[in-house]
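**Student:** have a look at this prediction, sequence included:
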Amino acid sequence: MGSQWKFENLDVTQRKGLLIITINRPNKKNAFSRKMYEGVTQILNDAAHNDEVSIVAFTGAGDYYSSGNDLSGYSDYEGASTGFNAKTTDTVKNMVTAFIDFPKILVAVVNGPAIGIAVTKLGLCDIVFASEKATFRTPFTILGLCAEGCSTYTFPRIMGTSKSLMANKKLMRKWDQDALHRANELESQQLEERIASEDCVNAIIKFMQSRNKL
């Protein structure tokens, strides 16, 4: 597949038509940095036009699927300037857009705890498998995500041919794609406002200070 698949903290392997993205940052519990957001976006956009890829699957290295956003990235931007807000929200928005528009099959194999954005993007996957170690944590409860349990380190066989699955996805996604894009736009606007808010900045600073004391 060449160097296009080499990204920081993202291991990408291909098994015939299956492309596996492993979030590989176990020392940070697989927390997402800005570069990782950008990497996932590029991988999905490239795979969407790659005839050798029919299915893209996500999983995590180590004990965690992903602990969500890496808040340590905020430490260099104390005060949350407007430029940082725009770049941050655009990065998240672009990745969510790539999930919404991805025409092929998206699978998540949740091998451990999933927190924040790691949970919310599961709703944009076509199939979610969870190991016995998987847990889900967001401000709200999301129900009905998981298709079935699976082994932590094995990818289940997906029923049906890739072409039939993609055809079904196209039919189903046709009716909600515009709504998903509108929701992504509104969420990005809210995220930018919240990052700039005093209570958000103070909460992040408090979190970083408490973590540094550990």
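**Tutor:** That came in fine, so what should we check first?
**Student:** SS state for Lys133?
**Tutor:** coil (DSSP: H, G, I helix; E, B strand; the rest coil).
**Student:** what's the spacing between the residue nearest to it when sequence neighbours are not counted and Asn30?
**Tutor:** Distances taken as C-beta to C-beta, 6 or more residues apart in numbering put Gly112 closest to Lys133, at 4.8 Å, once the chain neighbours are dropped. No exception for glycine: its C-beta is placed from N, CA and C like everyone else's. To Asn30, Gly112 is 9 Å away according to C-beta to C-beta, to the nearest Å.
**Student:** so what's Leu10 up against?
**Tutor:** Contact criterion C-beta atoms under 8 Å, 6 or more residues apart in numbering gives 21-24, 36, 39-40, 43 as the residues in contact with Leu10.
**Student:** from those, which land in helices?
**Tutor:** 36, 39-40, 43 (DSSP state H).
**Student:** report the buried members of the residues you listed.
**Tutor:** Neighbour counting with 16 or more other C-beta atoms under 10 Å marks 36, 39-40, 43 as buried within the ones in helices among the contacts of Leu10.
**Student:** now these as JSON lines including pLDDT and distance to Ile105?
**Tutor:** Output for these, formatted as JSON lines (pLDDT from 0 to 100; distance: C-beta to C-beta, whole Å):
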{"residue": "Met36", "pLDDT": "94", "distance to Ile105": "22"}
{"residue": "Gly39", "pLDDT": "96", "distance to Ile105": "20"}
{"residue": "Val40", "pLDDT": "97", "distance to Ile105": "16"}
{"residue": "Ile43", "pLDDT": "96", "distance to Ile105": "15"}
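**Student:** turn the residues you listed into CSV, including distance to Trp175.
**Tutor:** Output for these, formatted as CSV (distance: C-beta to C-beta, whole Å):
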residue, distance to Trp175
Met36, 31
Gly39, 30
Val40, 25
Ile43, 27
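**Student:** which of those sits closest to Phe7?
**Tutor:** Taking C-beta to C-beta as the measure, Phe7 sits nearest to Gly39 out of these, at 3.5 Å.
**Student:** tell me the contacts of the closest residue to that closest one other than its chain neighbours?
**Tutor:** Ranked by C-beta to C-beta, 6+ apart and with sequence neighbours excluded, the top spatial neighbour of Gly39 is Phe7, at 3.5 Å. By C-beta under 8 Å, 6+ apart, the contact set of Phe7 is 35-36, 39, 42-43.
**Student:** quick one on the thing from earlier: give me the more crowded residue out of Gly112 and Asn30.
**Tutor:** More neighbours surround Asn30 than the other of Gly112 and Asn30, with 29 against 22 (other C-beta atoms under 10 Å).
**Student:** so the more buried one makes contact with Gly68?
**Tutor:** No - assessed by C-beta atoms under 8 Å, Asn30 is found out of contact with Gly68, at 9.1 Å.
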